[in-house]
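Visitor: Would you be able to build a 3D model of this:
(one chain, ligands or ions: 1)
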Amino acid sequence: MKRPLVAENRFAAFALLISTICLSLGKALAADPLPSPSPQQLAWQRHEFIAFAHFGMNTFTDREWGEGNEDPKLFNPTDFDARQWAAVLKDSGVKLLILTAKHHDGFCLWPSQFTEHCVKNSPWRGGKGDVVREVVDALREKQIRVGLYLSPWDRNQPTYGDSPKYNEHFRNQLRELLTHYGPIDEVWFDGACGEGPNGKKQEYDWPGYYALIRQLQPNALIAISGPDIRWVGNESGAAREDESSVVKRGDQLAWHPAECDVSIRPGWFYHQSEDSKVKSLASLADIYFKSVGRNSVLLLNIPPDRRGRIAEADVTRLKELRAFLDQIYATDYIRSATITVPSQSDATHGENQLNDGDLGTYWMPAAGQTTAQVEFDLGQPRTFNVARIQENIALGERVQAYHVEVLADSKWRTVTAGRVIGQKQLRRFPAVTAREVRLVIDQACAPPAISEFGLHFND
Ligand code: FUL
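Guide: Purely as a prediction, here's the structure:
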């Protein structure tokens, strides 16, 4: 139902994504400087798992898209508790939360001086409340980073469609959000651009919005309809195999990592009727493998309910997910393996850095080699079905083809193979029992820099 109006920009981003090319570049890429992340993009990619909270007028009207003419008095959470959100997120391993400060209906969760359509005219906290403030404070107490969703499409604002006027209004709102709440790490722009009053078409001033963000919050990443983080192209939480952070923009290559947004429930907002439709653990685990495990960031939406709390069903499922992930990562047969390299490793980037648990250190073959192999002796036969491979993406995505082999019945056989590694690959395959394992880099556009390798068992 949201498809027809979902951003032109999101589809433009998708077209761009289709032309993702790191791998097909082969030698050409080696000649060019290798794209690599900004320090902010690098930190963000290493978060791996972040969350969305869709909360606002729609929570109280039981809708997904409001019309913009809702009475602000309808917004009235009965037991609002941002600390409960922060505690649940912390326990789940979420590193950043993006709050819908304003969705398409235009209702603002902070007391904006530029509109009456906001919390100050609601009965909640006697009209003195500020959801953004409470959420930001609760997140910071738990060292969770903050992102904000500010919908450019605004169905309430009378100036919408009167392009210069609305652009000014939108910049005013951005300025409020980016100056009153401390450091903001991600600004999330959906590109939806519905009709204004009398069929007027709003032209968004994207360059102006970006310039203001850069000025006020130079460390904030601008996502989706923005230059720093791209939409993966679907809302089901699945990246493609070999999803790359390197995309083609005109004649140039750029670093534009993928974010997989998906809701824990069918809708983006809370609906009591969906309490029994919270995604199963199996489905969330699959999403995790297909997003985090495919070199992308998982942005999981967890919509608070009408009390202003994360509902019990969601809390339970998040606990299950955390336990599942902890159990997978807890056993890593490479941690105690003996590692050897048939040819030589680089003098400062030896093979023992592959299992030190530190993403900043890495193994690199000697003498500028772009193919290489590393062997692991697990000490005794072990049963595993997940290989974890991580590049040091601070140096770009270098690997263009790799595979993992195991020695079983005196024969080496390939259990998984791929092209992109990037921040993290979690490669699933039928369980195999073996003592000797090899990671083979078949092709790379520069000497490969592999941070970590792991072997796990997914029950
Ligand atoms: C979409 C919006 O239209 C949905 O309501 C939701 O906010 C989703 C994350 O982005 O484009």
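
Visitor: Would you pull up the residue in the stretch 251-400 of the chain closest to the ligand?
Guide: Per Cβ to the nearest ligand atom, residue 268 is where the stretch 251-400 of the chain lies closest to the ligand, at 4.4 Å. C-beta coordinates here come from the backbone N, C-alpha and C atoms, glycine included.

Visitor: ok, so what distance separates the closest residue to that residue other than its chain neighbours from residue 243?
Guide: Leaving aside its chain neighbours, residue 268 sits nearest to residue 54 (4.3 Å; criterion: Cβ to Cβ, 6 or more residues apart in numbering). To residue 243, residue 54 is 25 Å away according to Cβ to Cβ, to the nearest Å.

Visitor: my guess is the residue nearest to residue 268 contacts residue 299, does it?
Guide: No. With contact defined as Cβ atoms under 8 Å, residue 54 does not reach residue 299; the gap is 11.4 Å.

Visitor: what's the spacing between the residue of the chain most remote from its centre and residue 436?
Guide: Ranked by distance from the centre of the chain (Cα atoms, centre = their mean), the top residue is residue 410, with 41.6 Å. Distance, residue 410 to residue 436, by Cβ to Cβ: 10 Å.

Visitor: residue contacts, residue 450?
Guide: 354, 362-364, 374, 389-392, 399, 421, 439, 441 (Cβ atoms under 8 Å, 6 or more residues apart in numbering).

Visitor: Kindly indicate which of these lies nearest residue 39.
Guide: Residue 39 lies nearest to residue 392 out of the contacts of residue 450, by Cβ to Cβ, at 13.8 Å.

Visitor: Would you enumerate the residues in contact with the closest one?
Guide: With contact set as Cβ under 8 Å, 6+ apart, residue 392 has these partners: 359, 360, 361, 362, 449, 450, 451.

Visitor: buried subset of these?
Guide: 359, 361, 362, 449, 450, 451 (16 or more other Cβ atoms under 10 Å).

Visitor: Throw those into TSV and include secondary structure and pLDDT, thanks.
Guide: Shown next, in TSV, are the buried ones among the contacts of residue 392 (DSSP: H, G, I helix; E, B strand; the rest coil; pLDDT from 0 to 100):
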residue	secondary structure	pLDDT
359	coil	95
361	coil	97
362	coil	98
449	coil	98
450	strand	98
451	strand	98
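
Visitor: ok, these vs residue 304, which is closest?
Guide: Closest approach to residue 304 among the buried ones among the contacts of residue 392 (Cβ to Cβ): residue 359, at 32.3 Å.

Visitor: I'd assumed residue 390 was in contact with that closest one.
Guide: Yes. Residue 359 is within contact range of residue 390, at 6.5 Å (criterion: Cβ under 8 Å).

Visitor: So which residues make contact with stretch 328-340?
Guide: Under Cβ under 8 Å, 6+ apart, the answer for stretch 328-340 is 351-352, 354-355, 357, 374-379, 382, 384, 386, 388, 437, 453-458.

Visitor: pLDDT on that stretch, on average?
Guide: The average pLDDT within stretch 328-340 is 97.

Visitor: Could you list the buried residues of that stretch?
Guide: By neighbour count on 16+ other Cβ under 10 Å, the buried set for stretch 328-340 is 328, 332, 333, 334, 337, 339.

Visitor: In helices, which of the residues you listed fall?
Guide: If you go by DSSP state H, the buried residues of stretch 328-340 have residue 328 in helices.

Visitor: would you list the buried residues of stretch 328-340 in a markdown table and tack on distance to residue 40?
Guide: A markdown table is the format used below for the buried residues of stretch 328-340 (distance: Cβ to Cβ, whole Å):
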| residue | distance to residue 40 |
| --- | --- |
| 328 | 28 |
| 332 | 29 |
| 333 | 34 |
| 334 | 30 |
| 337 | 34 |
| 339 | 33 |
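
Visitor: rewinding a little: contacts with the ligand among the contacts of residue 450, please.
Guide: Among the contacts of residue 450, none lies close to the ligand by the criterion of Cβ under 6 Å from any ligand atom.

Visitor: ok, and the most crowded of those?
Guide: Within the contacts of residue 450, residue 421 tops the neighbour count with 29 neighbours, counted by other Cβ atoms under 10 Å.

Visitor: Enumerate every residue touching that one.
Guide: Counted by Cβ under 8 Å, 6+ apart, residue 421 has contacts 295, 389, 390, 391, 397, 399, 402, 450.

Visitor: Understood, closing this out.
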